[in-house]
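# sequence first, predicted model second:
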Amino acid sequence: VLLNAIMSVAQIIVVTGLIFILYNYLLRAIGIELLGIWSLMLATTSVTQIANFGLSGSVVKFVAKYIMRKEDKNVSDVIQTATLSSGIFVAVISLISYPIVTWALNLIIPDEYLSYALDILPFALLSLFIMTITSIFQAGLDGYQRFDLRSLILMGATLLYLILCFIFVPKYGLKGVAYAQVIQGVILLL
């Protein structure tokens, strides 16, 4: 429990510091307007994170329960069911919402920045899909009471995101941020 608590605090400190460095860099590298576009895209697509419907919390509860009972097959079934349910739901919602979000972006984003938003929309939706599935596996770690591992993974993934932004943003601009986010999500999932 002490290790989990220490790692949770370390995660907050490390991730906050890395995000501060990242946003400072992005403000200088792509400017406040494009950073605002990226933030808007993440906020818009993250609304579908409600697709989780509390599945992560349920995964934690049932994984812990089945571990206590030494029912490994049930642990696997819970994680697989939650992963498939969330993944399918988010995929369907993303496909349905794509034209709606595109239409809404036309209304709220100035014309000179609209192409940037539309270019990164697929990446934002893909990132959301990956992170939804990843959250189920992270909940499984929580059910095993391995907050320490989850914290290490999240700190490493955030550091990787920062490094990838340093690599991709100079060459690809805002799309580089999107590429970095997708790659980070895939690595985090793995």
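Looks like it came in fine. Note that the structure is a prediction, hence the values are computed from the model and not measured. Numbers count the residues shown, from 1 in each chain.
# contacts only, for the nearest residue to L35 once chain neighbours are set aside.
Using CB to CB, 6 or more residues apart in numbering and skipping residues adjacent in sequence, the residue nearest L35 is L26, 5.1 Å away. For every residue, glycine as well, the C-beta is placed using N, CA and C. Listed by CB atoms under 8 Å, 6 or more residues apart in numbering, the contact set of L26 reads 35, 38, 165, 169, 177.
# do that again at 10 Å, thanks
Going by CB atoms under 10 Å, 6 or more residues apart in numbering, L26 touches 32, 34-35, 38-39, 165, 169, 174, 176-177.
# same question for S127.
Contacts of S127 (CB under 10 Å, 6+ apart): 41-42, 45-46, 120, 178, 180-186.
# one step back: who wins on neighbours among the contacts of L26?
Greatest neighbour count in the contacts of L26, by other CB atoms under 10 Å, goes to V177: 27 neighbours.
# show me which residues of stretch 101-113 are buried.
For stretch 101-113, burial by neighbour count (16 or more other CB atoms under 10 Å) applies to 101, 105, 109, 113.
# ugh, wrong one, I meant stretch 163-179
Residues of stretch 163-179 classed as buried by neighbour count (16+ other CB under 10 Å): 164-165, 168-169, 173-179.
# now the helix or strand of the chain with the lowest mean pLDDT - C-alpha only, PDB.
The weakest-scoring helix or strand in the chain, judged by mean pLDDT, DSSP states H and E, is helix 31-46 (a mean of 84). Extracted as PDB, the C-alpha positions of helix 31-46 are listed here (Å, rounded to 0.1, in the frame of the first residue of the first chain):
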ATOM      1  CA  GLY A  31       1.700  28.800 -31.300                       C
ATOM      2  CA  ILE A  32      -1.300  29.400 -29.100                       C
ATOM      3  CA  GLU A  33      -3.800  29.100 -31.900                       C
ATOM      4  CA  LEU A  34      -2.800  25.600 -33.000                       C
ATOM      5  CA  LEU A  35      -2.400  24.500 -29.500                       C
ATOM      6  CA  GLY A  36      -5.900  25.700 -28.900                       C
ATOM      7  CA  ILE A  37      -7.100  23.700 -31.900                       C
ATOM      8  CA  TRP A  38      -5.400  20.600 -30.500                       C
ATOM      9  CA  SER A  39      -7.000  21.200 -27.100                       C
ATOM     10  CA  LEU A  40     -10.400  21.700 -28.600                       C
ATOM     11  CA  MET A  41     -10.100  18.500 -30.600                       C
ATOM     12  CA  LEU A  42      -9.100  16.500 -27.500                       C
ATOM     13  CA  ALA A  43     -12.000  18.100 -25.500                       C
ATOM     14  CA  THR A  44     -14.500  17.400 -28.300                       C
ATOM     15  CA  THR A  45     -13.500  13.800 -28.900                       C
ATOM     16  CA  SER A  46     -13.000  13.100 -25.100                       C
END
